[in-house]
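my questions concern the predicted model and sequence given below.
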Amino acid sequence: MAINKTVKDADEAIRDVFPGATLLFGGFGLCGIPENCIAALVKKGVNQLTCISNNAGIDDFGIGLMLKKKQIKKMISSYVGENAEFERQLLSGELEVELIPQGTLATRCLAAGYGIPAVYLPAGVGTEVAEGKETRNFNGKNYLMEYAFEADFAIVKAWKGDTCGNLIYKETARNFNPVMAMAGKITIAEVEQLVPAGELNPDHIHTPGIYIKRIFQGSNYEKRIEKITVRKRNS
Amino acid sequence: MAINKTVKDADEAIRDVFPGATLLFGGFGLCGIPENCIAALVKKGVNQLTCISNNAGIDDFGIGLMLKKKQIKKMISSYVGENAEFERQLLSGELEVELIPQGTLATRCLAAGYGIPAVYLPAGVGTEVAEGKETRNFNGKNYLMEYAFEADFAIVKAWKGDTCGNLIYKETARNFNPVMAMAGKITIAEVEQLVPAGELNPDHIHTPGIYIKRIFQGSNYEKRIEKITVRKRNS
Amino acid sequence: MALTKEQIAQRIARELKNGYYVNLGIGIPTLVANYIPAGINVELQSENGLLGMGPFPFEGEEDADLINAGKQTVTTLPGSVFFDSAVSFGMIRAGRIDFTVLGAMEVSEKGDIANWKIPGKMVKGMGGAMDLVASAKNIIVAMQHTDPRGNSKLLSTCTLPLTGVGCVKKVVTDLGVFDIIEEGFCCIEYAQGVTIDEIKTKTAGRLTISADVKEMAI
Amino acid sequence: MALTKEQIAQRIARELKNGYYVNLGIGIPTLVANYIPAGINVELQSENGLLGMGPFPFEGEEDADLINAGKQTVTTLPGSVFFDSAVSFGMIRAGRIDFTVLGAMEVSEKGDIANWKIPGKMVKGMGGAMDLVASAKNIIVAMQHTDPRGNSKLLSTCTLPLTGVGCVKKVVTDLGVFDIIEEGFCCIEYAQGVTIDEIKTKTAGRLTISADVKEMAI
């Protein structure tokens, strides 16, 4: 019989996130980010966190809200160019930052999720990203050895989920969420729609519930758009 | 605009499979195997093949049909226990066999599909599978370095596909098909239903069409069941 | 009286805890599914790509696309999910399966297991067994205590090619339950009607008897 | 007359072949999508997880869940497919993208590229650029020939931190088209009204002029 993973809300879901924890956050820019959990983490005020996330939000939304409250000790990201508070903390030395290639970031999550301690990846060979890393040649091409991430928590957002933790993402809001969901020691999922086990088509599920420790239906999703680009209708 | 990958039939799809080629075959047992392509390969009679497939079919179905025609020089599989002709060829030295753990087989496909030349995996450490392989310790546990497969062709079977090669699998007929589809230099997909581009929900697609070189709608699927197990209705 | 296969399965089923994800090997392990205690919710994983495996289908409802790792026709349950073979072994390798039950030809006092190959006889292949034993955190072996010729299958060192090294935590045989500890096999339960002496006689590997040893309750 | 950004994009678009999967970086590269020649079917990949990227949505039809790697709202087309970031970079790494267009701050005569960091100034991060340059088989750089202060961006050696080594095959600037060959930059086309002398003056790296050099046809 299906195992029930539901919790009441974001506060309950993130209850044991402790100072100094390492967290994986799904999302690309502001798309597909766990808005409810971020708000709960801000409310809880837990700090000294290491956050692994492709981006760092913007000044007044996403992970930017946690930066503003100085909850983050270190960011591991691929692109952080949308955030003035981030820049201020980095230049003042308050914030530690490790920039890594986006595909390497995704694949280090993948490796963790698949129980693979290390893989060889080509991104960054011959650049400062390669410093301190083992370089190895396969078939005439150089690769860097990259380690699986070890994270205490993964916090992801999906479109639909069921009570046993199965998840379906919508469009490009999928991004890093599935690989991070597989990679956390404890994975917390917030969804726009929580349905009973059996309502999702088993062939359509992107993340099997086995990876999810807690799931809840979020509320008041803002889903802010960073760059609205449109075309005119030919009338 | 969508790129069209359709070909007429299995004969056209496998036209350039050459003697001595290395082929990945999707399927688990007889479930989700590319029946039409196997029949076309038998008809074509191309031989000296290296076949990477979890199983080797049975005497009169699946890859067993190619074994019977002595088209296979080497099998790379995890389990081959259902095939008397296989046993005969192996014992007589006609057939070369490399047995590897099932998860390692799947992950070596995954590595190829993700452009990762080598990964570290734990299966087989301390056993004869480890012979000749690099062993390395991560976090106190030993792993073997395993290489990505290099295969000339991958031949997969899906339930539905569209003209640009996007694939959706059904139930456990998915098995090795998606990772093999990503791993072949040339990937050929046969599907039960071929639909125009745009008819599949982009969130439901398991294999993006970019991995597929040729696609066709197969015919006369037998879908044989190896072990029919049922329960009685309480009447 | 030594246990039947069904009783071995029944005893192992008592180890299940609520919320466990479980992988059952072929043979006696498969039978464990029939004895899941009331009130215990577990989900069965089949390594060909199914989580939440249900019972066999009703006659006439077999689906060629829906089989388990033993290639038997099965069904889904509410909450079931399909995935590919790489994901399947990924979840095994990443330690997401809480409980794994396997058959074995031999187990050593150090927790080594041999269950895939008899040299000189036909080799069928290891299937997923090597992946499971290399990664599962909680491996229980279900097997007969002796082979058909009466030789002990609980040995000092395995004689057959290994499937995995130092990975088995517990063995349940027709004679009893054995933890594998620093000192080798430790008998913690014996089957009704089986004597400690019989267990000692039929165990070739190093054996200790737990101070708390008791008769098995089925 | 040096080319406009749109003309650079237009010239690059002429390199597209039928059936290409294409990744376009931010800036001038994005404009290439507006000039895909008639009769040429290509699919655009956006590395945040979309293949078959369509144009911007009509006003009022923006979908917060549907953006491109530049975080702009976009649409799908028939045949589009979504996938996760690991799959996305997996297809890049495995060489499935036929054609990649990137902007750059500097390119060296050996095909090195620098486009992610200016030490001492704010560091925004490399995003997916390092993955793309490490794996794409056919990388074209679209950029201005000189920086705003008139310094050449085609150098012997990059002065800025590298994004990738020896990976750029072709550079299209406002002045011309340059293959990167054994001997460094090789000018194969010049923009209308631009002289070879101007190109020589504004190219700091080793430069040869192709025997077949010709005026660019736009």
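Alright, I've got the coordinates. Residues are numbered from 1 along each chain as shown, chains lettered A, B, ... in the order given.

quick one: neighbours of A:K68, just the number.
The burial count assigned to A:K68 is 17, neighbours taken as other C-beta atoms under 10 Å in any protein chain shown. Quick note: C-beta positions are derived from backbone N, CA and C, even for glycine.

relative to chain D, how far out is it?
Separation of A:K68 from chain D (C-beta to the nearest C-beta, to the nearest Å): 18 Å.

isn't that residue up against A:N83?
No: using C-beta atoms under 8 Å as the test, A:K68 is too far from A:N83 to be in contact (9.6 Å).

is it fair to say A:V125 lies in a helix?
No: counting by DSSP: H, G, I helix; E, B strand; the rest coil, A:V125 is not found in a helix; it is coil.

for chain A, just list every one of the helices.
A:10-13, A:35-44, A:64-68, A:84-91, A:102-113, A:177-183 (DSSP state H).

just these: most buried one?
helix A:177-183 (a mean of 30; mean count of other C-beta atoms under 10 Å in any protein chain shown).

put the alpha carbons of that one into PDB.
Coordinates of each C-alpha in helix A:177-183 appear next as PDB, following Å, rounded to 0.1, in the frame of the first residue of the first chain:
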ATOM      1  CA  ASN A 177      14.000  20.000  -9.700                       C
ATOM      2  CA  PRO A 178      14.100  16.300 -10.700                       C
ATOM      3  CA  VAL A 179      17.800  15.800 -10.300                       C
ATOM      4  CA  MET A 180      17.800  17.700  -7.000                       C
ATOM      5  CA  ALA A 181      14.800  15.700  -5.700                       C
ATOM      6  CA  MET A 182      16.900  12.500  -6.200                       C
ATOM      7  CA  ALA A 183      20.000  14.000  -4.600                       C
END
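
flag the helix or strand of chain A with the lowest per-element mean pLDDT.
helix A:84-91 (a mean of 86; mean pLDDT, DSSP states H and E).

quick one, which of the helices of chain A is nearest to A:E190?
Closest to A:E190 of the helices of chain A, according to C-beta to C-beta: helix A:35-44, at 4.9 Å.

residues in contact with that closest one: which ones?
Contacts to helix A:35-44, defined as C-beta atoms under 8 Å, 6 or more residues apart in numbering or on different chains, come from residues A:9-11, A:13-14, A:17, A:25, A:62-63, A:65-66, A:69, A:71, A:155, A:157, A:188, A:190, A:216, A:218-223.

which phi and psi values does the closest residue to C:T73 other than its chain neighbours adopt?
Nearest residue to C:T73, sequence neighbours excluded (C-beta to C-beta, 6 or more residues apart in numbering or on different chains): C:E62, at 4.3 Å. Note on C:E62: backbone dihedrals following degrees, to the nearest 10 are phi -60, psi 140.

show me the shaky parts of chain A.
A:1, A:235 (pLDDT under 70).

please enumerate the strands of it.
Assigned by DSSP state E, chain A shows strands spanning A:22-25, A:49-52, A:72-77, A:96-99, A:118-121, A:135-138, A:141-147, A:151-162, A:167-168, A:184-195, A:214-217.

now do chain C
Using DSSP E, strands in chain C cover C:21-24, C:43-46, C:50-53, C:76-82, C:99-102, C:106-108, C:113-114, C:139-142, C:154-155, C:168-172, C:176-181, C:184-190, C:207-215.

and of those, who's closest to B:F176?
strand C:76-82 (13.1 Å).

what mean pLDDT does that closest one get?
For strand C:76-82, mean pLDDT rounds to 97.

who touches A:I33 in this structure?
So A:I33 contacts A:F25, A:G26, A:G27, A:G57, A:G62, A:I63, A:K157 (C-beta under 8 Å, 6+ apart).

and the second one, how many neighbours does it have?
This means A:G26. A:G26: 32 surrounding residues under other C-beta under 10 Å.

quick one: the closest residue to it other than its chain neighbours from A:Y169, how far?
The shortest distance from A:G26 to any non-neighbouring residue, by C-beta to C-beta, 6+ apart, is to A:N177 (3.5 Å). Applying C-beta to C-beta, to the nearest Å, the value for A:N177 to A:Y169 is 6 Å.

tell me, what's touching these two both at once?
Shared contacts of A:N177 and A:Y169, counting by C-beta under 8 Å, 6+ apart, come down to A:G32, A:A158, A:T207, D:D84.

any buried residues in stretch A:140-160, and which?
For stretch A:140-160, burial by neighbour count (16 or more other C-beta atoms under 10 Å in any protein chain shown) applies to A:143-144, A:146, A:148-149, A:151-160.

these two touch, right, A:K74 and A:C51?
Yes: the pair A:K74 / A:C51 is scored as a contact, 7.3 Å apart, by C-beta under 8 Å.

the two: which is more packed in?
With neighbours defined as other C-beta under 10 Å, A:K74 and A:C51 compare such that A:C51 has more, 24 against 14.

got a list of what the more buried one touches?
By C-beta under 8 Å, 6+ apart, the contact set of A:C51 is A:T22, A:L23, A:F25, A:I63, A:M66, A:I72, A:K74, A:M75, A:I76.

quick one: low-confidence ranges for chain C?
In chain C (pLDDT under 70), the answer is C:122.

residue furthest from the geometric center of it?
Distance from the centre of chain C peaks at C:G60, with 30.8 Å (C-alpha atoms, centre = their mean).

and that one, how far from chain A?
Applying C-beta to the nearest C-beta to C:G60 and chain A gives a distance of 21 Å.

what separates that residue from B:K232, distance-wise?
Distance from C:G60 to B:K232, by C-beta to C-beta: 11 Å.

for C:G103, same thing?
Counting by C-beta to C-beta - C:G103 and B:K232 are separated by 27 Å.

higher neighbour count, those two?
Using other C-beta under 10 Å as the criterion, C:G103 and B:K232 rank with C:G103 on top: 18 against 8.

tell me the contacts of the more buried one?
Applying C-beta under 8 Å, 6+ apart, the residues contacting C:G103 are C:G25, C:I26, C:G27, C:I28, C:P29, C:N115, C:V141, C:A142, C:M143.

take those residues and keep only those in helices.
Using DSSP H, those in helices are C:I28, C:P29.
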